[in-house]
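Q: how does the following fold in three dimensions:
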Amino acid sequence: MRFIFFLTILGLLSACAAKKRAAEMEARPAWVKQKPVVPGYFTGVGAAKKTGTRTEYTERARRDALADLAGEISVQVSASSVLRTIETEYGKSNLYNQRIEITTDDYLEGFEPVDSYEDETTYWVYYRIDKTTYYANKARRKQEALANAKAKFIAGQQAAGSHSPGEALSFYLQGLTAIKAFLGEETPVKLDGQTEDIGNKLFTSLNGLLSALEIKPLTKEVTVKRGQKPDHPLQFEVTYNGRPVKNIPVIFKFSGGYLVSNKALTDENGRVSALTGKIRSKNSSEQLTAVIDLAGIAQKATDDLFIRSLPDYGKAEKAVIRINIARPGVSLHFENSFCANNDCAAIIKLFEKDLLREGFVFVQVPAADYNFVLDLKYTAGETAGGLTSVYLSGSLNVFDENAKLVWSKNITPAKGVGSSRREAREKAFATLLKNLDLIYFRQGLNAIQ
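A: Have a look, this model is predicted:
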């Protein structure tokens, strides 16, 4: 009985809820149920869930309604427009979606709220704009934009004629930014008594300018010993129509590590220099690449991300300098008479192995870029209980080719204990070899890399 009673109550509650929902649906205005079509008007209906503050969800509904309003405005791309040219040369752009946002932001001034409605969970708003008002606003803004674009084009032509391609590029991009909302339409202006499409003129001039800019290395290949700097700065030259041009930003990239600076402006001779610092790469060669910083010029010219991206489609070729990396020659010299007992042969063999691992080559003293000087000596230790000890100590110094000390280290005494002095010396020597391999040779080689 209780179960049947529970089901009865549940059914009654469900029926009440269904009736309530039906009543709410019935109470909604007709424009909420179906978007209205009003002759002579563009209409838009927006909705937002009632989450957050009232200000927040009403603003979300407002944006939704304006987007709906803009979506009703048809946009047809003219076959002769600069947008079609861009898409033909570079592939599909993302401008279509951006055009809806532009229309919403720029041309819907004069829209009027018609009505609003809300229930417990949702808020709706209904806007409209007179078509005559919309097209009048658009025509006025287009004429203003065309005048701005024409002025930028003329300024760009003058800058290009004055051998200032960086300024010209900025003007062309600013001109395209001015008419971005109309890139899918014809954009006619009067130039020298002729009717020209200013969008296509700007875009064609932009491409022509990029084609006339060139960057090349003054030296295609250099050889540098690892651990050293190039003998002179590595230079590139930027030209415009074959003539050196100043104040063009250039970006460097070095495959072998970091640069002192990765950017520079061309000087009066159109040249920029890159400083690599010491070459530490263990590869046989690396590349220093330079490219004109079109993105940097575009970023200063306009805030619009789409217009900024246009120079990237026709990027200038990269200029490359190949840096061949020679392995430094390293020698090993022993002080005093340590080699009298042929102990030096084992140390030299170990040293050669460490050099190979670190990318150096073993040479004799006159041809060496670096000379390792090992000063070792045995010292008698204590004797007790039939055992005797010996200490092997000294120093390791590294000199460059000009005999200048570049690194020095005192060697911690290696102790050997044996039943005879010979056995003690052998054990001390074995410990020294291990320490030379694991500590001292590695530290010395790291110091010259």
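Q: rest of the way, CA atoms for contacts and neighbours
A: OK.
Q: Val82 contacts Lys180, correct?
A: No. If you go by Cα atoms under 8 Å, Val82 and Lys180 don't touch, sitting 9.8 Å apart.
Q: ok, those two, which is more surrounded?
A: Each of Val82 and Lys180 has its neighbours counted (other Cα atoms under 10 Å); Val82 has more, 27 against 23.
Q: list the contacts for that one?
A: The contact partners of Val82, by Cα atoms under 8 Å, 6 or more residues apart in numbering, come to 183-186, 199-200, 203.
Q: make TSV from these and add neighbour count, distance to Arg60 and secondary structure to it.
A: Formatted as TSV, those follow (neighbours: other Cα atoms under 10 Å; distance: Cα to Cα, whole Å; DSSP: H, G, I helix; E, B strand; the rest coil):
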residue	neighbour count	distance to Arg60	secondary structure
Leu183	24	29	coil
Gly184	23	29	coil
Glu185	21	31	coil
Glu186	19	34	coil
Gly199	33	35	helix
Asn200	22	38	helix
Phe203	22	37	helix
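Q: just give me the closest of those residues to Asp130.
A: Nearest to Asp130 among the contacts of Val82, counting by Cα to Cα, is Glu185 at 21.9 Å.
Q: what separates that closest one from Glu317, distance-wise?
A: 32 Å (Cα to Cα, to the nearest Å).
Q: same thing with Thr43?
A: Thr43 is 50 Å from Glu317, by Cα to Cα.
Q: quick one: which of the two has more around it?
A: Neighbour count, other Cα under 10 Å: between Thr43 and Glu317, Thr43 has more, with 28 against 14.
Q: so the more buried one, which state does it fall into?
A: What DSSP: H, G, I helix; E, B strand; the rest coil gives for Thr43 is strand.
Q: repeat that for Tyr134.
A: Tyr134 is classified as helix under three-state DSSP.
Q: where in the stretch 51-200 of the chain is pLDDT low?
A: 75, 91-107 (pLDDT under 70).
Q: would you map the helices across it?
A: Counting by DSSP state H, counting those that start in this stretch, the stretch 51-200 of the chain has helices at residues 54-71, 82-90, 95-106, 131-161, 165-178, 198-212.
Q: do the stretch 201-350 of the chain as well
A: Using DSSP H, counting those that start in this stretch, helices in the stretch 201-350 of the chain cover 294-301, 305-313, 344-358.
Q: reformat these as TSV; add mean pLDDT.
A: Output for the helices of the stretch 201-350 of the chain, formatted as TSV (pLDDT from 0 to 100):
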stretch	mean pLDDT
helix 294-301	92
helix 305-313	83
helix 344-358	91
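Q: what's the closest of the ones you listed to Val114?
A: When the helices of the stretch 201-350 of the chain are compared (using Cα to Cα), the closest one is helix 305-313, at 34.9 Å.
Q: which strands or helices does that closest one pack on?
A: In terms of contacts (3 or more Cα pairs under 8 Å, 6 or more residues apart in numbering; DSSP states H and E), helix 305-313 is packed against helix 165-178, helix 198-212, helix 294-301.
Q: list the contacts of the residue minimising distance to the centre of the chain.
A: Taking Cα atoms, centre = their mean as the criterion, Ala295 is the residue nearest the geometric centre of the chain, at 10.6 Å. When contacts are counted by Cα under 8 Å, 6+ apart, Ala295 touches 308-309, 311-312.
Q: can you flag the buried ones in those residues?
A: The neighbour count (16 or more other Cα atoms under 10 Å) marks 308, 311 as buried among the contacts of Ala295.
Q: so can I have JSON lines of the contacts of Ala295 showing distance to Lys353?
A: Putting the contacts of Ala295 into JSON lines (distance: Cα to Cα, whole Å) gives the following:
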{"residue": "Arg308", "distance to Lys353": "54"}
{"residue": "Ser309", "distance to Lys353": "53"}
{"residue": "Pro311", "distance to Lys353": "52"}
{"residue": "Asp312", "distance to Lys353": "49"}
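Q: closest one to Ala159 out of the contacts of Ala295, please.
A: Of the contacts of Ala295, the one sitting nearest to Ala159 (Cα to Cα) turns out to be Pro311, at 17.5 Å.
Q: is it true that that closest one touches Leu294?
A: Yes. Using Cα under 8 Å, Pro311 and Leu294 qualify as a contacting pair, with a distance of 6.3 Å.
Q: what's across from Gly416 in the sheet?
A: Val390 (DSSP bridges).
Q: for Ile279, see how far away it is.
A: In this view, Gly416 and Ile279 are 41 Å apart by Cα to Cα.
Q: between the two, which one's more packed in?
A: Set Gly416 next to Ile279 and count neighbours by other Cα under 10 Å: Gly416 wins out with 24 against 20.
Q: ok, now which ones touch the more buried one?
A: Neighbouring residues of Gly416 by Cα under 8 Å, 6+ apart: 389-391, 423-429, 431.
Q: domain parsing for this structure?
A: 26-133, 213-295+316-326, 329-447 (automatic domain parsing).
Q: so which of these is the most packed in?
A: Among the domains of the chain, ranked by average contacts under mean count of other Cα atoms under 10 Å, first place goes to domain 213-295+316-326 (a mean of 18).
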